[in-house]
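J.: Coordinates only, no sequence provided:
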């Protein structure tokens, strides 16, 4: 009906405003243009490094989508139900879920293309680079296990401060705000990839840098790069579910609890897998279920108060508890 058309039109305007009329988008476009000119690479080569036909390009896109949604995210939903739920997900009422709208679908579609272009370029690098070891018999401890560990450590050492920077109040509204519309993410890949394309480009750029850094430190085998890519994809999907997955090894401290805490208290837990970086920055926060313990009559028990260090305030679980849903609003006359 007319109301539906108006919502689509408004969402289309939001997409144009946040994607085009956005200083972050302009900045990234300028940096990309400079880098392509310095390297002598054209935009078409960036989009299609293998120079395949349009038909093969589309088939490859479908194959990557099948891999991410069918195998990676599919594995999450096969394994996840065998895991216990996060304590926050077993309360008296279901947690609030932001409904997917036109803007979300637009971001997801653009990000799927960015992921595919990145996959094509990383495969091209793995196939042609003289620094990447490809022979199966050449897989060893340094370019295998040690390199895998270093990829996680170095990638997160860059991602954690970048993630924190995206929460700065001058930057937050332009890029990262969109991803935080869910205080309790639960849809796996859909919620993980539902972010501004600038954020997607930034994260994949750090991945690219980490591959090159580790290659020059201990060497890198093609199997290690694939294992790292799969591990990161699975970790990102699990981080945006309600499954209580946790494990630690050699400084890698991964838990879905840590990332849920970040969505509930956005000034904490900026790292993805190596919480040492948050402890170093003083931003690490232990997990709390968020349930209010009422030792007396629940009708007279004090209601939770919104925490003062929350950004944005509308994502506070205490606000949600009082309102019954998460409300996006203007806080103190300023859009968060």
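T.: Received it, and whenever you're ready, just let me know what you need. Only a predicted model underlies this, so the values are computations on that prediction, with no experimental measurement involved.

J.: just the helices in the stretch 1-150 of the chain please.
T.: 2-19, 23-39, 43-47, 54-65, 73-79, 102-128, 147-166 (DSSP state H, counting those that start in this stretch).

J.: looking at those, which is buried most?
T.: Greatest average neighbour count among those goes to helix 147-166 (a mean of 20), per mean count of other Cβ atoms under 10 Å. Quick note: C-beta positions are derived from backbone N, CA and C, even for glycine.

J.: which secondary structure elements does that one contact?
T.: Under the contact criterion of 3 or more Cβ pairs under 8 Å, 6 or more residues apart in numbering; DSSP states H and E, helix 147-166 touches helix 197-218, helix 222-239, strand 252-255, helix 276-281.

J.: how far off helix 222-239 does it point, in degrees?
T.: 40 degrees (axes from the mean of the first three to the mean of the last three Cα atoms, to 10 degrees).

J.: which residues touch helix 147-166?
T.: Residues outside helix 147-166 that contact it (Cβ atoms under 8 Å, 6 or more residues apart in numbering) are 171-172, 175-176, 199, 202-203, 206-207, 209-211, 213-214, 217-221, 224-225, 227-228, 231-232, 250-252, 270-274, 277-278, 281, 283.

J.: what's the closest of the helices of the stretch 1-150 of the chain to residue 189?
T.: helix 73-79 (4.0 Å; Cβ to Cβ).

J.: count of neighbours near residue 70?
T.: By other Cβ atoms under 10 Å, 11 other residues sit near residue 70.

J.: Which residue is the nearest non-sequential neighbour of residue 139?
T.: What sits nearest to residue 139 in space, not counting adjacent residues and going by Cβ to Cβ, 6 or more residues apart in numbering, is residue 221, at 4.8 Å.

J.: Any idea which helix or strand in this protein has the lowest mean pLDDT?
T.: When each helix and strand of the chain is scored by mean pLDDT, DSSP states H and E, strand 330-331 comes last, with a mean of 36.

J.: quick one on the thing from earlier: can you say which of the helices of the stretch 1-150 of the chain is nearest to residue 238?
T.: helix 73-79 (5.7 Å).

J.: Run the chain-centre distance for the closest one.
T.: 17 Å (Cα atoms, centre = their mean, to the nearest Å).

J.: who's in contact with it?
T.: 188-189, 234, 237-238, 241, 243.

J.: between those, which is nearest residue 54?
T.: Using Cβ to Cβ, those come closest to residue 54 at residue 189, 26.1 Å.

J.: I figured that closest one hits residue 68, correct?
T.: Yes - between residue 189 and residue 68 there is a contact at 6.4 Å, judged by Cβ atoms under 8 Å.

J.: could you list every residue that touches residue 53?
T.: Per Cβ under 8 Å, 6+ apart, neighbours of residue 53: none.
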